[in-house]
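*Asks:* Fold the following.
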Amino acid sequence: MMHHVAGLCCASCGEVCRPMGGNTMDDEDRDPNNLNQHLQVQWDDVVGEPEGIRSLRCGWRLSSWCFRSSRNVCYIFLSILLAPLTALCLGCTFACLAFEHIWCVAPCLRVCKISCAATRSFLQACTHATVIPFTEALSFFWSRISIKTQKLPDTSVERKDDILLI
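*Replies:* Presented below is the predicted three-dimensional model:
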């Protein structure tokens with residue numbers, strides 16, 4: 001079986017060949033994960049005239065048309081000129097990042113988890129042997145304290161033996 005260029009019609013089977021990997025691109029929804037919601041580049045998002053100060057309607061419409069046209073032409077020119085090279089660089093960057101995480105970061109984290117397991121068990125045993133009995137003893141001690149409140153008689157003369165009287 002002969003391999004065909006992605007996106008071209010196959011003469012033998014009549015189907016449009018898809019690139020390998022199963023990911024099909026949607027030409028309508030080019031930002032399905034809403035990665036660029038923060039990017040506000042419409043005329044109304046950039047320029048607005050408040051009440052009380054307005055340009056002529058023809059000037060406003062001409063300015064809007066110039067803005068949209070220049071933005072679209074410039075974006076199309078830059079995307080044709082630089083997008084393939086940028087996509088190539090981004091593809092290589094994310095491939096290197098994936099390689100780093102698959103072959104370096106994840107194994108190192110696994111080594112740390114295995115190495116720290118013994119230390120964790122030792123510290124857990126020490127905690128159970130010392131800290132837990134100590135806190136249980138303190139809780140028993142503090143649970144036996146009772147506080148009673150009563151109104152003291154109003155005396156104008158302070159006694160020297162009541163040093164804790166507030």
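*Asks:* Check Asp45 and give its pLDDT.
*Replies:* Asp45 carries a pLDDT value of 85.
*Asks:* just checking, it is part of a helix?
*Replies:* Yes. Counting by DSSP: H, G, I helix; E, B strand; the rest coil, Asp45 is found in a helix.
*Asks:* Can you give me the distance of Glu51 to Ala98?
*Replies:* 53 Å (CB to CB, to the nearest Å). From N, CA and C alone the C-beta is placed, and that goes for glycine too.
*Asks:* Looking at these two, which is more packed in?
*Replies:* Ranked by neighbour count (other CB atoms under 10 Å), Glu51 and Ala98 place Ala98 first, with 10 against 5.
*Asks:* sec struct for the most centrally placed residue in the chain, please.
*Replies:* Residue closest to the mean C-alpha point of the chain, counted by CA atoms, centre = their mean, is Leu35 at 11.2 Å. Taken by three-state DSSP, the conformation at Leu35 corresponds to coil.
*Asks:* per-residue confidence at it?
*Replies:* pLDDT, read off for Leu35, is 88.
*Asks:* Tell me the spacing between it and Cys104.
*Replies:* 27 Å.
*Asks:* Ala125 now?
*Replies:* The value you get for Ala125 to Cys104, if CB to CB is used, is 33 Å.
*Asks:* which element follows the lowest-mean-pLDDT helix or strand in the chain toward the C-terminus?
*Replies:* Sorting the helices and strands of the chain by mean pLDDT, DSSP states H and E puts helix 43-46 at the bottom, at a mean of 86. Following helix 43-46 in sequence order, the next helix or strand is helix 57-100 (DSSP states H and E).
*Asks:* hmm, who's touching stretch 103-122?
*Replies:* Outside stretch 103-122, no residue is within contact range by CB atoms under 8 Å, 6 or more residues apart in numbering.
*Asks:* for it, the distance to its chain's centre please.
*Replies:* 26 Å (CA atoms, centre = their mean, to the nearest Å).
*Asks:* any idea of the mean pLDDT for it?
*Replies:* 94.
*Asks:* Stretch 52-72 too?
*Replies:* 93.
*Asks:* CA atoms only for that stretch, dumped as PDB, please.
*Replies:* What follows is stretch 52-72 as a C-alpha-only set of coordinates in PDB (Å, rounded to 0.1, in the frame of the first residue of the first chain):
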ATOM      1  CA  GLY A  52     -19.800  63.500  25.300                       C
ATOM      2  CA  ILE A  53     -16.900  63.200  22.900                       C
ATOM      3  CA  ARG A  54     -17.500  61.700  19.500                       C
ATOM      4  CA  SER A  55     -15.800  61.800  16.200                       C
ATOM      5  CA  LEU A  56     -17.700  62.000  12.900                       C
ATOM      6  CA  ARG A  57     -19.500  58.800  12.000                       C
ATOM      7  CA  CYS A  58     -17.500  58.500   8.700                       C
ATOM      8  CA  GLY A  59     -14.200  59.000  10.500                       C
ATOM      9  CA  TRP A  60     -15.200  56.300  13.100                       C
ATOM     10  CA  ARG A  61     -16.100  53.800  10.400                       C
ATOM     11  CA  LEU A  62     -13.000  54.500   8.300                       C
ATOM     12  CA  SER A  63     -10.800  54.200  11.400                       C
ATOM     13  CA  SER A  64     -12.500  50.900  12.300                       C
ATOM     14  CA  TRP A  65     -12.000  49.600   8.700                       C
ATOM     15  CA  CYS A  66      -8.300  50.600   8.700                       C
ATOM     16  CA  PHE A  67      -7.700  48.900  12.100                       C
ATOM     17  CA  ARG A  68      -9.400  45.600  11.100                       C
ATOM     18  CA  SER A  69      -7.800  45.600   7.600                       C
ATOM     19  CA  SER A  70      -4.200  46.300   8.800                       C
ATOM     20  CA  ARG A  71      -4.600  43.900  11.700                       C
ATOM     21  CA  ASN A  72      -5.800  41.100   9.400                       C
END
